[in-house]
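>>> Sequence and predicted structure are below.
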Amino acid sequence: MKYLTLFIICLGLISPHVFAKKVALLISGYGNETQGKISYDLEELAQTYLVLHNHNLELDIVTPKGGEVVVKTNKDNLIYIQKFKGLALHKLQNTHSAKQAIQQSYDALFIVGGDGAMFDLPFDPSTQTFINQFIEQQSPIAAVCHGPAALVNLKGPDGDYFVAGKKVNSFTQIEEQAFNAELLDKFPFSLEEKLIERGATFVKNSPMMPYISVDGTLITAQNPMSVAKAAEALLLKLGISPKQRTPFKDEATFELITQAKSNGAAVISIELAKDKTRYDLNYLGLYAFYAYRLAQTQDQKRQELTLKAEIANIFKHPKLSESLINAYLEQQLIKEAEQAYQVFKLDFPNDKSIALLENKINSYK
């Protein structure tokens, strides 16, 4: 009995961090200051890091070649970016190489997206060997946005492609065409098409909307709006219950849009009236500007038009208001187009599109 008591006492003296699970965060090392947006996605990395860090996980940032990576500053006004940089900027200045990471022992892998993931993660031999260790050990792997590009060339123990027969999600081809049109000719492959070619069952939400797929030990997520939830899904795979947290503003914004799609566009105005600070109005405006154009069916277009009108009353921008008028005209809703045009003139009296819009409306009469 005394030995058992002594053992319990000793356990009490050991820091819980000794037993903390260890996760590798794999990011692209592609890109530099002159290559614009082609690199890893800093916002995705920051959200992932903060969610996992909040659960006392040991985190390493891994790139194919290791060393310093470009760190963008255009979102430094975001509080969570500031917090992440305070915790992990030094890790971005000296990332682990894939060769170094191969020698380590990790409980799970999280592959962060960003356009750069298309260029180096699927082709770097050491990176592929590193990821393959998780496949062989059947350890959890999460990959978000363009992160699943790292998986397209990998095969399981049976010789089949790792993604074959699995439900897999990623940044979709429609989203690529809408937001990465200038990069499509540079990409080595189409991510959605390649995953399907490799035998994956590709599952997805509508453009810009969050979506997470879980198939066995593989977690894949569609876009930046899905990242934090993907990190929480990884926690569950590690046997850890996610803590309550305040959603990131972009995350909360798209959760609000999801509610509005189910419960009516008025939900947006109601929730913003309660607490506008919870949401990112720029993301709300971005969604309203693109979603109608990207809708695939007439029913979807009608729903997105209702959301666009609701958001245009809140997020005042001439391009958004102009797109609302054009959408009304496309749907032959001439009265609504005229009403939106009158609001446009009041909100943006000096806009050079006023005469063009008036002529366009008159042409529909």
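Happy to help now that I have it.

>>> When you work out contacts or count neighbours from here on, use the C-alpha atoms and nothing else.
OK.

>>> excluding its backbone neighbours, what's nearest the residue sitting nearest the centre point of the chain?
Centroid-nearest residue in the chain: residue 224, 1.2 Å away (criterion: CA atoms, centre = their mean). Nearest non-adjacent residue to residue 224, counting by CA to CA, 6 or more residues apart in numbering: residue 44, 6.0 Å away.

>>> All the strands of this protein, in order from the start?
Assigned by DSSP state E, the chain shows strands spanning 22-26, 58-63, 96-97, 108-111, 141-144, 167-168, 201-202, 212-215, 218-221.

>>> okay, these in a markdown table with mean neighbour count, distance to residue 309 and mean pLDDT next?
As requested, the strands of the chain are arranged in a markdown table below (neighbours: other CA atoms under 10 Å; distance: least, CA to CA, whole Å; pLDDT from 0 to 100):
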| stretch | mean neighbour count | distance to residue 309 | mean pLDDT |
| --- | --- | --- | --- |
| strand 22-26 | 23 | 40 | 98 |
| strand 58-63 | 22 | 43 | 98 |
| strand 96-97 | 22 | 48 | 98 |
| strand 108-111 | 25 | 37 | 98 |
| strand 141-144 | 27 | 31 | 98 |
| strand 167-168 | 23 | 33 | 98 |
| strand 201-202 | 17 | 32 | 98 |
| strand 212-215 | 18 | 28 | 98 |
| strand 218-221 | 27 | 29 | 98 |
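
>>> Please convert those to JSON lines, extending it with distance to residue 85.
Below are the strands of the chain laid out as JSON lines (distance: least, CA to CA, whole Å):
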{"stretch": "strand 22-26", "distance to residue 85": "15"}
{"stretch": "strand 58-63", "distance to residue 85": "13"}
{"stretch": "strand 96-97", "distance to residue 85": "17"}
{"stretch": "strand 108-111", "distance to residue 85": "19"}
{"stretch": "strand 141-144", "distance to residue 85": "21"}
{"stretch": "strand 167-168", "distance to residue 85": "31"}
{"stretch": "strand 201-202", "distance to residue 85": "34"}
{"stretch": "strand 212-215", "distance to residue 85": "26"}
{"stretch": "strand 218-221", "distance to residue 85": "24"}
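
>>> pretty sure the residue nearest to the centre of the chain contacts residue 143?
No: under the criterion of CA atoms under 8 Å, residue 224 makes no contact with residue 143, lying 11.2 Å away.

>>> just to revisit the earlier point, do you know the pLDDT at the residue nearest to the centre of the chain?
Model confidence at residue 224, given as pLDDT, is 95.

>>> And for residue 364?
For residue 364, pLDDT reads 87.

>>> Check residue 20 too.
The predicted local confidence for residue 20 is 83.

>>> residue contacts, it?
56, 57, 58 (CA atoms under 8 Å, 6 or more residues apart in numbering).

>>> What separation do you get for it and residue 108?
According to CA to CA, to the nearest Å, residue 20 and residue 108 sit 12 Å apart.

>>> same check, this time on residue 353
On the measure of CA to CA, residue 353 and residue 108 end up 53 Å apart.

>>> With residue 312 instead?
As defined by CA to CA, residue 312 lies at a distance of 43 Å from residue 108.

>>> Same question for residue 126.
With CA to CA as the criterion, residue 126 and residue 108 are 17 Å apart.

>>> And residue 241, by the same measure?
In terms of CA to CA, residue 241 sits 16 Å off from residue 108.

>>> Out of the strands of the chain, the one nearest residue 193 is which?
Judged by CA to CA, the one of the strands of the chain that comes nearest to residue 193 is strand 201-202, at 9.0 Å.

>>> which residues touch that closest one?
164, 165, 166, 167, 168, 169, 192, 195, 196.

>>> could you redo the last one with a cut-off of 7 Å?
Strand 201-202 is contacted by residues 165, 166, 167, 168, 169, 196 when judged by CA atoms under 7 Å, 6 or more residues apart in numbering.

>>> Give the partner strands of it in its sheet and their orientations.
Each strand paired with strand 201-202, and its direction, by DSSP bridges: strand 167-168 (parallel).

>>> What lies in contact with the partner strand?
200, 201, 202, 203, 213, 215, 220.

>>> wait, which of the strands of the chain is closest to residue 245?
strand 212-215 (18.6 Å).

>>> Distance from the closest one to the middle of the chain?
In terms of CA atoms, centre = their mean, to the nearest Å, the centre of strand 212-215 is set 14 Å apart from its chain centre.

>>> Name every strand pairing with that strand and say which way it goes.
strand 218-221 (antiparallel).
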